[in-house]
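Novice: Okay, here's the prediction I keep looking at, along with the sequence it came from:
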Amino acid sequence: MTDYMTVQAAERILGDLVAIPTVNPVGRPWTGTQPVERAANDTIAGLFAPYAVSIERQAVSPMHENLAVTLPGRSKAGCLLFESHVDTVPADEWLDRAFLPRVEGDLLYGRGSCDDKASLTAMIMAALDLLERGLPAAAPIVLLAAGDEEYAQTGIKHFRAGNIDVAAGIFGEPTRLMPVVQHKGTARWDITVHGRSAHTSRPELGVNAILGAMDLIRDLGVYQEEIRSRYRNPLMTGPAITVSMIRGGRTRNAVPDECTISVDFRVTPGMHPLAARDALIDRVAGLGLELSHSDLQIMTPPLDTPVDHPFSLHVLEICRKIAGSQANLCGEPYGTDASWLSDRAPALVLGPGDISYAHAVDERVSLTEVVACAQIYREIMLTWAG
């Protein structure tokens with residue numbers, strides 16, 4: 001019998017997954033011939049092939065796919081979803097070593113090692129351990145290796161559209177084994193300030209769109225502080241409005257007639273991204289500038305699972321038993337796939353690793369922490385029946 005709850009098993013499975021590039025183009029041109037997750041999903045499917053489980057490939061788009069592995073449970077109630085994403089961000093700054101997993105002491109390095117293949121590995125280990133030992137899960141388990149989390153979250157949206165009866169969900173992300181019950185949502189779009197061109201020798205004949213954009217950016221900062229005072233949250237910082245890019249001007253000797261800023265608006269639980277965007281648009285309409293707004297590029301709702309929900313408390317108890325008494329229910333400023341389930345069932349974000357290493361050069365994770373997380377996942381699988 002194979003023992004899957006070991007550092008050696010974690011190193012082997014995680015190393016194999018990290019060595020397979022599953023880079024999401026994140027909006028850049030894509031020339032692939034198969035989904036970016038395909039080779040990794042082949043490896044995962046191979047791990048489960050010897051067992052009596054359902055293995056389903058879900059075609060999300062020509063670029064992305066999901067892999068769903070379903071284990072039977074003692075209960076016939078809704079399933080318990082364990083989801084981690086397979087895709088990673090690019091590794092342009094360290095391509096020489098990003099997909100050559102290396103172990104130094106307890107740490108495994110490589111792109112995706114922390115975000116998100118460590119969580120995926122822990123979920124695989126937990127499920128394989130149940131199968132190897134013949135231990136039935138309390139409820140049916142769906143392990144979803146999801147595609148396209150890093151850009152448009154089309155993988156989890158595709159799964160959601162299938163209307164599978166999900167009783168609760170665990171979403172793997174680097175949380176240092178702390179169960180996350182709340183995180184922010186996102187609205188992202190461009191605002192263009194329109195002006196009027198003129199020769200720079202006679203700027204008074206034109207309307208400078210860049211100066212207008214500066215006024216707009218200043219007002220967005222004021223508005224951010226206003227809404228932070230209205231939407232306070234004990235688990236996280238308030239709403240955030242970030243101007244992430246700015247593009248303006250056509251030539252060095254003409255007053256710019258157009259300037260576009262990219263806005264990333266992070267909203268807290270209790271706010272809806274679409275309503276928050278509409279309120280911001282109404283606000284800046286009063287600045288006396290000629291403005292136009294692009295369509296939304298990304299919209300994700302916030303995660304808002306009650307801290308007193310029985311599932312939250314059950315998972316917290318297990319985390320404290322395995323990871324230590326310092327574990328607590330918490331909130332985070334980033335977004336995850338969990339937000340696409342939480343209106344239907346309680347959803348928590350929970351996984352090994354530290355978010356500060358995600359997307360970073362020399363991304364890394366503790367193998368001991370991966371094993372501890374697998375133990376937590378396994379205990380949830382064995383004990384939560386809805």
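Specialist: It's in.
Novice: any low-confidence regions in the stretch 151-300 of the chain?
Specialist: Along the stretch 151-300 of the chain, no part satisfies pLDDT under 70.
Novice: what ranges do the helices span in it?
Specialist: With DSSP state H, counting those that start in this stretch as the definition, the stretch 151-300 of the chain shows helices at residue ranges 154-161, 209-230, 273-284.
Novice: Same list (the ones you listed) but as JSON lines, adding distance to residue 176.
Specialist: Every C-beta, even on glycine, is put in place using the N, C-alpha and C of the backbone. Supplementary listing: the helices of the stretch 151-300 of the chain in JSON lines, determined by distance: least, Cβ to Cβ, whole Å:
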{"stretch": "helix 154-161", "distance to residue 176": "23"}
{"stretch": "helix 209-230", "distance to residue 176": "26"}
{"stretch": "helix 273-284", "distance to residue 176": "27"}
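Novice: Need the winner for burial among the ones you listed.
Specialist: Highest mean neighbour count of the helices of the stretch 151-300 of the chain: helix 154-161, a mean of 20 (counted as mean count of other Cβ atoms under 10 Å).
Novice: picking up where we left off before, out of the helices of the stretch 151-300 of the chain, which gets nearest to residue 319?
Specialist: Ranking these by proximity to residue 319 (Cβ to Cβ) places helix 154-161 first, at 23.0 Å.
Novice: Contacts for the closest one next, please.
Specialist: With contact meaning Cβ atoms under 8 Å, 6 or more residues apart in numbering, helix 154-161 is reached by 58, 60-61, 64-66, 68, 83, 85, 144, 146-149, 337, 340-341, 344.
Novice: and those, which of them are in strands?
Specialist: Counting by DSSP state E, the part of those found in strands is 58, 65-66, 68, 83, 85, 144, 146.
Novice: Now tabulate these in a markdown table and tack on neighbour count and distance to residue 194.
Specialist: Shown next, in a markdown table, are the ones in strands among the contacts of helix 154-161 (neighbours: other Cβ atoms under 10 Å; distance: Cβ to Cβ, whole Å):
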| residue | neighbour count | distance to residue 194 |
| --- | --- | --- |
| 58 | 19 | 43 |
| 65 | 23 | 42 |
| 66 | 26 | 42 |
| 68 | 19 | 48 |
| 83 | 32 | 43 |
| 85 | 31 | 39 |
| 144 | 29 | 45 |
| 146 | 30 | 40 |
